[in-house]
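Student: generate coordinates for the sequence data below:
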Amino acid sequence: MRRIRWHLFRLVLGKVRNPLKTIWALRRLIQIRREYLGDFAFKKVAKVDNRYFFEYNTPGWPSQAFDDYHLAELNRIVPFQHKPYVFKNVIVAITKKCALRCEHCFEWDVLNQKEKLTLADLQTIVRQFQEQGVGQLQFSGGEPLLRMPALLTLLKTAQPGTDFWVLTSGHLLTLETAQALKQAGLTGVTISLDHIEPHLHNQFRGFAEAYNWVEKAAFNANQAGLVVGFSLCATKEFVTTDNLLAYASLVSRLGGAFIQLLEPKAVGHYAGQAVGLSAAQRKMLEAFYTNLNYNPAYHHLPLVVYYDYQRRRAGCAGAADRHVYVDTDGQLHACPFCQKPAGNMLEKNIAGSLESLRQAGCPVLNT
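Tutor: Numbers count the residues shown, from 1 in each chain. Have a look, this model is predicted:
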């Protein structure tokens with residue numbers, strides 16, 4: 001972390017040109033981070049393929065993506081370029097196809113319908129976000145690995161300066177596939193794992209081999225040198241302290257560097273259902289997040305990201321502020337769970353659509 005801080009100091013000094021102002025700007029960056037992530041100093045990082053990752057949606061260091069992202073955050077504090085909004089993370093759904101029938105799927109209503117976005121459309125979307133500035137871009141679906149040729153082309157034709165990830169069930173992530181994705185420029189994979197018991201994960205995902213896919217995919221991704229994260233839909237039935245710690249231990253054994261906690265939302269297949277967590281369960285997730293990230297007793301376990309905790313602390317970072325979601329039709333949304341289109345990435349006035357989304361803010365918080 002000392003090396004990273006020294007690198008950031010030199011990077012910022014190169015733009016600010018004043019050592020005292022540089023120190024002030026770095027302290028302000030730290031303050032903003034703590035407003036969202038918690039009032040703690042970083043305690044651990046994950047090292048994968050000679051890069052260091054200390055937060056799930058922050059590009060790994062050293063890399064151009066890391067530098068560009070932090071300069072964009074600096075620009076919010078000390079403007080030095082005419083690009084005030086640069087995305088921390090963008091999720092682009094590249095396919096409607098999926099072999100699973102997941103209990104919580106937010107794209108349930110369009111699953112396995114005819115594809116609308118062509119490869120050329122997807123290349124346009126990626127290019128537009130890279131022109132806007134994006135630190136991390138995640139390909140989702142459906143199951144994105146069902147469009148493997150398109151994925152490889154998107155990665156090979158993208159410009160440098162972005163970390164690319166795939167959000168997957170693990171389906172089709174063979175060693176050959178993982179190696180091809182890594183060679184094409186993929187940074188990491190986030191594998192959905194929703195229970196510590198294989199049969200209950202299979203039940204949640206609607207497929208008898210779903211857990212086996214997870215184990216094989218994690219092994220293959222690690223062998224290929226990809227960063228491996230796991231995503232948990234933390235349901236009311238699952239969230240206990242014992243289950244969460246058992247989940248962290250399982251992820252550690254599977255070679256995971258990160259755990260992404262998602263609170264269930266009443267959208268998609270969950271629409272109209274009372275799936276929200278209790279206040280006590282949210283406290284459990286917050287304690288889990290804090291302990292695994294900052295308590296030395298949990299140093300051996302993966303890092304955790306918990307968006308709803310960040311949103312409750314500092315407001316929503318979605319709605320085209322630092323995060324945005326593009327669905328399988330190219331429609332822009334504040335996030336995957338706020339299904340209220342605010343324009344289409346294939347329209348001409350993308351900048352106007354993004355600005356409108358920023359002005360409107362989070363549909364959930366503003367209702």
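
Student: please count neighbours and contacts with C-alpha atoms only from this point.
Tutor: Will do.

Student: can you list the low-confidence ranges for this protein?
Tutor: The chain contains residues with pLDDT under 70 at 82-85, 363-367.

Student: can you list the domain ranges for it.
Tutor: According to automatic domain parsing, the chain comprises the domains 2-77, 87-360.

Student: let me know which of those domains is tucked in deepest.
Tutor: Mean neighbour count (mean count of other CA atoms under 10 Å) peaks for domain 87-360 among these, with a mean of 19.

Student: how far away from the center of its chain is that one?
Tutor: Centre-to-centre, domain 87-360 and its host chain are 6 Å apart (CA atoms, centre = their mean, to the nearest Å).

Student: list of residues touching the helix or strand hosting residue 71?
Tutor: With elements taken from DSSP states H and E, the one containing residue 71 is helix 64-77. Residues outside helix 64-77 that contact it (CA atoms under 8 Å, 6 or more residues apart in numbering) are 8, 11-12, 25, 28-29, 58-60, 81, 83-86, 88, 133-136, 160-163.

Student: 10 Å instead, please
Tutor: With contact meaning CA atoms under 10 Å, 6 or more residues apart in numbering, helix 64-77 is reached by 7-8, 11-12, 15-16, 22, 24-26, 28-29, 32, 53, 58-61, 78-89, 133-136, 160-163, 322.

Student: scan this structure for its longest helix.
Tutor: Looking across the chain with DSSP state H, the single longest helix is helix 19-37.

Student: residues touching the nearest residue to residue 26 once chain neighbours are set aside, list them.
Tutor: Distance criterion CA to CA, 6 or more residues apart in numbering; nearest residue to residue 26, sequence neighbours excluded, is residue 9 at 7.4 Å. Contacts for residue 9 were tallied using CA under 10 Å, 6+ apart; they are 3, 19, 22, 23, 25, 26.

Student: if I look at residue 9, how far off is residue 226?
Tutor: Residue 9 sits 28 Å away from residue 226, going by CA to CA, to the nearest Å.

Student: cool, and residue 73?
Tutor: Distance from residue 73 to residue 226, by CA to CA: 26 Å.

Student: again with residue 297
Tutor: Computed with CA to CA, the distance linking residue 297 and residue 226 is 27 Å.

Student: does residue 103 touch residue 204 like I think?
Tutor: Yes - the pair residue 103 / residue 204 is scored as a contact, 5.4 Å apart, by CA atoms under 10 Å.

Student: returning to what we had before: just the ones in helices from the contacts of helix 64-77, please.
Tutor: Those of those lying in helices (DSSP H): 7-8, 11-12, 15-16, 22, 24-26, 28-29, 32.

Student: name the nearest residue to residue 60, sequence neighbours excluded.
Tutor: The nearest residue in space to residue 60 (CA to CA, 6+ apart) is residue 53, at 4.7 Å.

Student: show the contacting residues for the residue nearest the centre of the chain.
Tutor: Central residue of the chain (CA atoms, centre = their mean): residue 57, 5.4 Å from the mean position. Residues near residue 57 by CA under 10 Å, 6+ apart: 88, 89, 90, 135, 136, 137, 138, 163, 305, 323.

Student: could the residues you listed be laid out in CSV, adding distance to residue 270?
Tutor: Formatted as CSV, those follow (distance: CA to CA, whole Å):
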residue, distance to residue 270
88, 28
89, 25
90, 23
135, 31
136, 28
137, 26
138, 23
163, 31
305, 22
323, 23
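
Student: now, which of the residues you listed lie within strands?
Tutor: With DSSP state E as the criterion, strands contain 88, 89, 90, 135, 136, 137, 138, 163, 305, 323 from among these.

Student: any idea how far residue 86 is from the fifth one?
Tutor: Looking back up the chat, that one is residue 136. The value you get for residue 136 to residue 86, if CA to CA is used, is 11 Å.

Student: re earlier: quick check, nearest of the contacts of residue 9 to residue 210?
Tutor: Nearest to residue 210 among those is residue 3, at 40.6 Å by CA to CA.

Student: what secondary structure does the closest one sit in?
Tutor: Three-state assignment for residue 3 (DSSP: H, G, I helix; E, B strand; the rest coil): helix.

Student: what about the strands in the stretch 251-367 of the chain?
Tutor: For the stretch 251-367 of the chain, strands defined by DSSP state E, counting those that start in this stretch occupy the ranges 258-262, 303-306, 323-326, 332-333.

Student: what about these, which gets the closest to residue 211?
Tutor: Each of these has some distance to residue 211 by CA to CA; the shortest is strand 258-262, at 16.5 Å.

Student: identify the residues contacting the closest one?
Tutor: 46, 53-56, 190-193, 227-235, 247-248, 251-252, 285-286, 288-289, 292, 301-309.

Student: just to revisit the earlier point, tabulate the strands of the stretch 251-367 of the chain (TSV), appending distance to residue 40.
Tutor: TSV is the format used below for those (distance: least, CA to CA, whole Å):
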stretch	distance to residue 40
strand 258-262	18
strand 303-306	14
strand 323-326	23
strand 332-333	31
